[in-house]
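K.L.:
my questions concern the predicted model and sequence given below.
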Amino acid sequence: MNEPMQSGFVRRATEVHASSMDAVEQRVRSLTFDQAVNRARHASEERELMAQAVAPLYRIIAADEAAAAAMNNLAERRRADLSRLIGRKGLTPGGSTGGNARLALGPGTSVFSPPYDSKFTHLDGDRPPTAEADADHGLVTVEIPYDEDSHGRRVATAGVSIVLETTTQGTIEVRPWIEYDYGFNISANALSAQCEGRIDITVVDDSGASLPGSEAPLWNVMTESSGGESKSDIVRSPARDVTFPARPGTQYTISVVATIGGDQSGHGIHIWPVFESYSYFSGGLDVSMPWLSVELRA
């Protein structure tokens, strides 16, 4: 790709500082995956505390034959078709524009596309979920399938990164084109389930220090009932633009990270006799970044 012909511009790093990559990767993990694990752990603790708090109420329900029968009927209704993950359409490598996007680029602006410089995945939980990252095409997928035998938290992240550097001091503004496709399901009866999905953009310099990024959940649901949603969309500038100060001689790793996580009790949890209590969740998220434009301002 030709570089802009002006005094200052942003370019791909000509030689990535290998000695700094471990610190960068650890920082990106702490900003995304570790935070998601903490949120899922908190949901698990809240579920167990709530179960203890409402135990007297459910013992009263269990002692009433009609009320217990209604709870079992409700449980069956909420479980219906849960094992079928809400379908996702799947994303096209290169983006939905098919290479037909028109960009108005001003001085000091560069455009970058795959292959990107690195990829990563992280998994956590009983019966671990799945995560895939494709730096060659700028695609990532995270998925947590329906599993009645899983108990507690499950979290997955996947991301791709590009390493940039600037020729002069200034302010870098990153404008990514992001496409996503997701679906999730929750069903619970007398116990809560939690599920979240998000796309985060992180900026970390070669010392491992984080700079202003962009954090936003696509969904975050905690319920003792049932619910679900599927959606496909495109995130356009300026919705997720990232701006940070930059100086020559320093490398900046821009990462786009997809996360899905949550907590469930699993099946067969008979905390109260007569009727069953349970909570389940499942979901998946596909993310594509076919290109990003980067502007250097004085």
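P.N.:
Arrived safely. From a predicted model like this one, the values you see are computed outputs, not experimental measurements. Residues are numbered from 1 along each chain as shown.

K.L.:
make it CA atoms for all contacts and neighbour counts henceforth
P.N.:
Will do.

K.L.:
so who does Met50 touch?
P.N.:
Counting by C-alpha atoms under 8 Å, 6 or more residues apart in numbering, Met50 makes contact with Leu191.

K.L.:
and it, how close does it get to Glu224?
P.N.:
In this view, Met50 and Glu224 are 11 Å apart by C-alpha to C-alpha, to the nearest Å.

K.L.:
touching both of the two, which residues are there?
P.N.:
Here Met50 and Glu224 share the contacting residues Leu191, scored by C-alpha under 8 Å, 6+ apart.

K.L.:
what bits of the stretch 101-250 of the chain have low per-residue confidence?
P.N.:
The stretch 101-250 of the chain contains residues with pLDDT under 70 at 101-107.

K.L.:
now Asp233, which residues is it bridged with?
P.N.:
Tyr180 (DSSP bridges).

K.L.:
to clarify, my last question referred to Glu173.
P.N.:
Beta-bridge pairing for Glu173 (DSSP bridges): Thr243, Glu295.

K.L.:
ok, it touching Leu296?
P.N.:
Yes - using C-alpha atoms under 8 Å, Glu173 is in contact with Leu296, at 6.5 Å.

K.L.:
output the contacting helices and strands for whichever strand or helix holds Ile199.
P.N.:
Taking DSSP states H and E as the criterion, Ile199 maps to strand 193-205. Judged by 3 or more C-alpha pairs under 8 Å, 6 or more residues apart in numbering; DSSP states H and E, the packing partners of strand 193-205 are helix 18-31, helix 33-63, strand 170-189, strand 210-223, strand 252-264, strand 277-297.

K.L.:
CA atoms of stretch 160-174 as CSV?
P.N.:
Extracted C-alpha coordinates of stretch 160-174, given in CSV (Å, rounded to 0.1, in the frame of the first residue of the first chain):
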residue,chain,number,x,y,z
VAL,A,160,-6.6,-9.6,15.8
SER,A,161,-4.0,-6.8,16.1
ILE,A,162,-2.1,-4.4,13.8
VAL,A,163,1.1,-2.6,14.9
LEU,A,164,1.4,1.0,13.8
GLU,A,165,4.0,3.7,14.1
THR,A,166,4.1,7.4,13.2
THR,A,167,6.7,9.4,11.5
THR,A,168,6.1,12.6,13.5
GLN,A,169,4.5,13.5,16.8
GLY,A,170,0.8,14.1,16.8
THR,A,171,-2.6,12.6,17.5
ILE,A,172,-3.7,9.4,15.8
GLU,A,173,-7.4,8.8,15.1
VAL,A,174,-8.4,5.2,14.2
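
K.L.:
buried set for it?
P.N.:
By 16 or more other C-alpha atoms under 10 Å, the buried positions in stretch 160-174 come out as 160-174.

K.L.:
got it, and stretch 14-28?
P.N.:
Residues of stretch 14-28 classed as buried: 16, 21, 23-25, 27-28 (neighbour count, 16+ other C-alpha under 10 Å).

K.L.:
pLDDT and distance to Ile254 for these - can I get that in JSON lines?
P.N.:
Shown next, in JSON lines, are these (pLDDT from 0 to 100; distance: C-alpha to C-alpha, whole Å):
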{"residue": "Val16", "pLDDT": "82", "distance to Ile254": "13"}
{"residue": "Met21", "pLDDT": "85", "distance to Ile254": "12"}
{"residue": "Ala23", "pLDDT": "90", "distance to Ile254": "14"}
{"residue": "Val24", "pLDDT": "92", "distance to Ile254": "10"}
{"residue": "Glu25", "pLDDT": "93", "distance to Ile254": "11"}
{"residue": "Arg27", "pLDDT": "95", "distance to Ile254": "12"}
{"residue": "Val28", "pLDDT": "96", "distance to Ile254": "10"}
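
K.L.:
tell me the confidence at Arg88?
P.N.:
Reading off the confidence values, Arg88 has pLDDT 65.

K.L.:
one more: Thr92?
P.N.:
Thr92 is assigned 66 on the pLDDT scale.

K.L.:
distance check, the residue nearest to Gln26 when sequence neighbours are not counted against Lys119.
P.N.:
Of all residues not flanking Gln26 in the chain, Gly208 sits nearest, at 7.9 Å (C-alpha to C-alpha, 6 or more residues apart in numbering). Distance of Gly208 to Lys119, given as C-alpha to C-alpha: 17 Å.

K.L.:
name the residue in these two with the higher neighbour count.
P.N.:
More crowded of Gly208 and Lys119, by other C-alpha atoms under 10 Å: Lys119, with 22 against 19.
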